[in-house]
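Visitor: Predicted coordinates and the sequence they were generated for:
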Amino acid sequence: MSLRVFVPCETTALSLGAGDVATLISREAEARGLEIELVRNGSRGLFWLEPLVEVDDGTGRRAFGPVDTADVASLLDSHFGDDHPLALGPTDELPWLKQQQRVTFARLGVTDPVSLNDYRATGGFDGLHNALELTPQQLVDKVKASGLRGRGGAAFPTGIKWQTVLDAAGAQKYIVCNADEGDSGTFADRLVMECDPYMLIEGMIIAGLAVGATQGYIYLREEYPLAHRHLDLAIARAEAAGYLGNNIQNSGRAFALEVRLGAGAYICGEETSLLESLEGKRGMVRAKPPLPAIEGLFGLPTVVNNVLSLAAVPSILRDGPEHYAGFGVERSRGTLPFQLAGNIAQGGLVELAFGHSLRELIEDFGGGSASGRPVRAVQVGGPLGAYLSPAQFDTALDYEAFSAIGAVLGHGGVVVFDDSVDMAEQARFSMEFCVEESCGKCTPCRIGSTRGVEVIDRIMRGENRDANMALLEDLCDTMIQGSLCAMGGMTPFPVKSAYTLFPEDFQRQGGEA
Ligand SMILES: Cc1cc2nc3c(=O)[nH]c(=O)nc-3n(C[C@H](O)[C@H](O)[C@H](O)COP(=O)(O)O)c2cc1C
Ligand code: SF4
C-alpha cells in the first residue's frame, strides 16, 4: 500500500497554509520518487495544531502538526517517522480528541468531505435507509425519544417542532436549515458544511420524510464560500446517486434541496427574519404567533432547524434514539459541540456530552489563555450570552444549570478573555452590536440600544455614575420586557452580567457619584 497522506481542505487549515503544504508534499514526494496518495480531508477541529497532516501506511493514522511548508522536506526525509519533532503519535490517541464524545462530529477530519464513497463507508445514509422503513409519526417519535433540543440557541425540543409541522395542514411544507451562524466565536456549523456536508443533507432528507416536506433550503451566510462549494457539490452528487430528487432510493418519496445565501445580517439568523429574507424581502422579525411551524416560508408549515440539530439526526436514526439520549444529563440529552475561541491557548471544536464543567472546557481542553495571563471572563452562547467570572467556571454545561445562573449555552460558542479585558468596554460593545444589528422593528431595541451606548459612555467618563448606573439598569429591564425578539430581549444579559460581576470596571474614572 502506498502511503496515504491527509492534508485538511477546511478554511482554518487553509488560512494557516494547508494548501501550500499539500502542494509541496506532492512535489517533494515526486522528486524523491516516493509514491503517496494525497487525500484532502476535513479538519479534526484542533485548530492550534493546523495544518495537521496525517499519514497512514496501513497501520493506522498518525498525526504531525502544526506543519509549515518549511517542515515538508524533513517530514519526507524522515518518512514521516515517529522521531520527527512534529510527530504527535496516533491521531485517535491525541488526548484532546480521545477525551471528547464525538457523535455528530465522529467523521470530522476522517474523510474527504465531498466523497460519497467515504461517507457511505463510515455509516453515511444508514440512518436514511432506516428512516425509509418508518412512518412519519414513527420518525418524529424517534427524534422525540432522543431528547434532541435545538442547537441554534433556544434549545426547543426538535421532536415537538417536527410534530407541529407534521400535524399542520399545508399543500407544501418546507425544511429550512438555519446556517447563518452569526454568534461570536462559533464555527461548528461551518465545520459540518465544509467537512461533512452529506450528514446535513441526510438530516434534512430525514426531516422531510418525517413531516411531509418535499423541499428544503439551506440559508447559508455568504461569508462561508467553501461551505457553499462543498454543499453544492455534495447536493449534486447526492442527487446523481438518487438520495435527493423525486424517487429517493426507489422509495417513491421526494425531497429537493437548494442553498440560498444570506447577506451578512446577524438578525437574519433569527428564524422569522430568515424566512423573510428567504422570501426575498428585507430581514425583519415577524411577530409570533403564528409560529413558523404553522405559517412559515410563504405562509406554509416549515421546520426551521439549526445545522447542528439536523446534523444530529442521521446518527439518531442509525444508532437509535437511546444511544443519543444515553449522553448528557437531566433534560439536556446528547452532546453539544463547544467551540473554543478568543484568548485561548488551544482553540477548536470540543464535542462533549452535557454535564461537564466549563472549567474542564477552558482549562483541560483550552489550556488557559493564549496570552498566558489569568482568564478573567468568558462569554458563552454568542453576543447575547452573559459573561461569566471564574467563580462560575464549575457550572455544569447543561441548559438548566446555565439558565439557573442567568446564562445560556446557546450554540456552544465559548469566547475567552484574559485579565487585560475592560468589562465596561465589553458592555458598551454589546449595546453597540445591538445598534448595528437591530432590525429596527421595535422601540426598546432600536432606540434603547443607542441610548444604552450613551449611558455606558457617561458611566465610563465618570459622569453622575450612580444615577447613570440606575438608568442603565432601568433601560436593560425595559429592553428585556419590551422587545419583540431575543435580539433586544437578551442584549441586556451581557451588559448586566458585566456590571454585576465586574463592578470595578465601571468605576475606573473619577467623577461625582
Ligand atoms: C438575533 C438572533 C440570531 C439568531 N441567529 C441564529 C443563527 O445564526 N443560527 C441559528 O441556528 N439560530 C439562530 N437563532 C435562533 C433561531 O431564531 C431559531 O431558534 C433556530 O434557528 C431554530 O433552530 P433549532 O431549533 O434547531 O435551534 C437566532 C435567534 C436570534 C434572536
Ligand atoms: S428586538 Fe430588535 S431585532 Fe428584535 S424585532 Fe425588535 S427591533 Fe427587531
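Guide: The structure has been received and is ready for your questions. Ligands and ions are numbered 1, 2, ... in the order given.
Visitor: need the contact list for the closest residue in space to A154 that isn't next to it in sequence.
Guide: Leaving aside its chain neighbours, A154 sits nearest to A486 (7.7 Å; criterion: CB to CB, 6 or more residues apart in numbering). Every residue, glycine included, has its C-beta placed from N, CA and C. The contact partners of A486, by CB atoms under 8 Å, 6 or more residues apart in numbering, come to 153-154, 270, 384.
Visitor: For ligand 1, see how far away A486 is.
Guide: For A486, the distance to ligand 1 equals 4 Å [CB to the nearest ligand atom, to the nearest Å].
Visitor: returning to that earlier point: by neighbours, which of the contacts of A486 wins?
Guide: E270 (28 neighbours; other CB atoms under 10 Å).
Visitor: Who are the contact partners of it?
Guide: 285, 439, 485-487.
Visitor: Per-residue pLDDT of the residue nearest to A154, please?
Guide: On pLDDT, A486 comes in at 97.
Visitor: and it, how far is that from Q215?
Guide: 28 Å (CB to CB, to the nearest Å).
Visitor: Give me the buried positions along the helix or strand harbouring A236.
Guide: A236 belongs to helix 225-240 when assigned by DSSP states H and E. Residues 226-228, 230-231, 234-235, 237-238 are the ones in helix 225-240 that count as buried (16 or more other CB atoms under 10 Å).
Visitor: How about stretch 25-36?
Guide: For stretch 25-36, by 16+ other CB under 10 Å, it's 25, 28-29, 36.
Visitor: Pick out the residue of the stretch 101-250 of the chain closest to ligand 1.
Guide: G150 (2.1 Å; CB to the nearest ligand atom).
Visitor: related to what we said a few turns ago, let me know whether the helix holding A236 sits next to ligand 1.
Guide: No: using CB under 6 Å from any ligand atom, helix 225-240 never reaches ligand 1; the gap is at least 13.4 Å.
Visitor: Near ligand 1, which residues of the stretch 251-400 of the chain are found?
Guide: Checking the stretch 251-400 of the chain against ligand 1 by CB under 6 Å from any ligand atom, the hits are 266-267, 269-271, 304-306, 309.
Visitor: Now flag whichever of those is closest to ligand 1.
Guide: Out of those, the member with the shortest distance to ligand 1 (by CB to the nearest ligand atom) is G269, at 2.3 Å.
Visitor: show me the contacts for the closest residue to that closest one other than its chain neighbours.
Guide: Nearest residue to G269 in three dimensions, chain neighbours excluded: D180, at 3.7 Å (CB to CB, 6+ apart). With contact set as CB under 8 Å, 6+ apart, D180 has these partners: 219-221, 262, 268-269, 274.
Visitor: Go through these and say which is closest to E463.
Guide: Taking CB to CB as the measure, E463 lies nearest G269 of these, at 35.7 Å.
Visitor: who's in contact with the host helix or strand of A256?
Guide: Taking DSSP H and E as the definition, one finds A256 inside strand 256-262. The contact list for strand 256-262 (CB under 8 Å, 6+ apart) reads 180, 201, 204-205, 214-222, 228, 231-232, 235, 238, 244-245, 268, 274, 277-278, 283.
Visitor: tell me the contacts of S483?
Guide: 442, 444-445, 448, 489.
Visitor: Now for the residue nearest to it when sequence neighbours are not counted: which residues touch it?
Guide: Nearest residue to S483 in three dimensions, chain neighbours excluded: G489, at 4.1 Å (CB to CB, 6+ apart). If you count contacts by CB under 8 Å, 6+ apart, G489 has them with 445, 479-480, 483.
Visitor: Let me see the confidence value for the residue nearest to G296 when sequence neighbours are not counted.
Guide: With CB to CB, 6+ apart as the criterion, G296 has its nearest non-adjacent residue at 2.5 Å, and that residue is T302. Listed pLDDT for T302 reads 98.
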